[in-house]
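S.K.: Below: sequence and its predicted model.
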Amino acid sequence: MTVAATPLRPNRLDHSETRADLAAAFRWTARLNMHEGVANHFSVAVNDDGTQFLMNPNQMHFARIKASDLLLLDANDPDTMARPDAPDPTAWGLHGAIHRLCPHARVAMHVHSIHATVLATLDDPGLPPIDQNCAIFFNRYAIDDEYGGLAFEEEAERACRQLSDPSKQVLIMGNHGIMVIGDTVADAFNRMYYFERAAETYIKALWTGRKLKVLSDEVAEKTAREIEQYPGQADCHFNELKAILNEEGSDYAH
């Protein structure tokens with residue numbers, strides 16, 4: 001159910017720091033070859049209840065997105081798709097659903113990165129804790145195994161309900177890709193990066209055809225908690241990536 005939305009201010013300079021961070025995340029996702037042409041979308045909530053959010057415009061490559069390009073949307077606005085700058089319908093479906101149903105998900109990043117998507121195609125798409133990176137996600141992901149086509153609103157809401165549990169930070173979208181959530185752009189980007197690394201390790205370990213050495217539940221949970229308590233790792237990672245872009249003279253923050 002939707003409710004009347006408060007008109008949003010069109011000023012593209014609103015939330016300038018958040019816009020710059022999200023634009024930097026797009027640039028690095030493209031550089032890491034985790035993009036999907038002009039598809040896939042990231043969003044970040046900018047109001048207290050999480051329903052107003054910034055998101056990339058329709059059909060724009062991640063490598064070109066600037067802070068000023070980002071759309072300001074309201075998850076409860078039924079007229080969003082009638083806007084002259086309307087977002088991609090599946091982006092609106094997924095990210096509108098996330099920001100309506102999961103207020104704790106301040107940032108949401110949806111990608112079809114290669115190894116995470118291969119994982120999502122397996123009959124059992126779970127990620128066993130076979131190394132430290134995989135252990136980060138122990139008991140911290142959800143699986144949606146009812147893929148029903150493109151993520152228009154009904155399909156998107158069904159899938160995104162899997163993230164209503166705040167303990168779940170990644171949604172493995174069966175036969176599709178992943179959705180990663182976080183408290184900040186740095187937090188979500190760092191999690192997306194390491195999930196792709198973990199999925200790559202697991203997929204390549206399966207290629208060997210040899211028996212995998214899986215960590216115990218106790219050690220996996222201990223490792224996940226230690227990583228969560230590790231001071232400032234996500235911020236340090238993301239700040240370094242922005243520093244590289246800045247040194248290169250990137251226009252992402254414009």
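M.R.: Looks like it arrived, so ask away. Numbers count the residues shown, from 1 in each chain.
S.K.: mind listing what's buried in stretch 84-99?
M.R.: Neighbour-count burial for stretch 84-99, with 16 or more other CB atoms under 10 Å as criterion, is recorded at 86-99. No exception for glycine: its C-beta is placed from N, CA and C like everyone else's.
S.K.: Closest one to residue 129 out of these, please.
M.R.: Using CB to CB, residue 98 is the member of these that lies nearest residue 129, at 26.4 Å.
S.K.: Not counting residues beside it along the chain, what's closest to the closest one?
M.R.: Using CB to CB, 6 or more residues apart in numbering and skipping the chain neighbours, the partner closest in space to residue 98 is residue 108 (4.6 Å).
S.K.: pretty sure that neighbour is touching residue 178, no?
M.R.: No: taking contact to mean CB atoms under 8 Å, the distance of 10.7 Å between residue 108 and residue 178 leaves them out of contact.
S.K.: Just confirm residue 69 contacts residue 58, I think it does.
M.R.: No: the pair residue 69 / residue 58 is not scored as a contact, 10.7 Å apart, by CB under 8 Å.
S.K.: Looking at these two, which is more packed in?
M.R.: In this view residue 69 and residue 58 are compared by other CB atoms under 10 Å, and residue 69 has more residues nearby, 19 against 16.
S.K.: Spell out the secondary structure type for residue 172.
M.R.: strand (DSSP: H, G, I helix; E, B strand; the rest coil).
S.K.: Could you list the single helix or strand in this protein with the lowest mean pLDDT?
M.R.: When the helices and strands of the chain are scored by mean pLDDT, DSSP states H and E, helix 153-160 comes last with a mean of 81.
S.K.: Now do stretch 178-193: distance to the chain's middle.
M.R.: When C-alpha coordinates are averaged (CA atoms, centre = their mean, to the nearest Å), stretch 178-193 and its chain have centres 5 Å apart.
S.K.: Let's see the distance spanning that stretch from one end to the other.
M.R.: Start-to-end span of stretch 178-193 (CA to CA, to the nearest Å) is 12 Å.
S.K.: List the buried residues in it.
M.R.: By neighbour count, and taking 16+ other CB under 10 Å as the criterion, the buried residues in stretch 178-193 are 178-182, 184-193.
S.K.: Could you do stretch 98-116 as well?
M.R.: Residues of stretch 98-116 classed as buried: 98-103, 105-116 (neighbour count, 16+ other CB under 10 Å).
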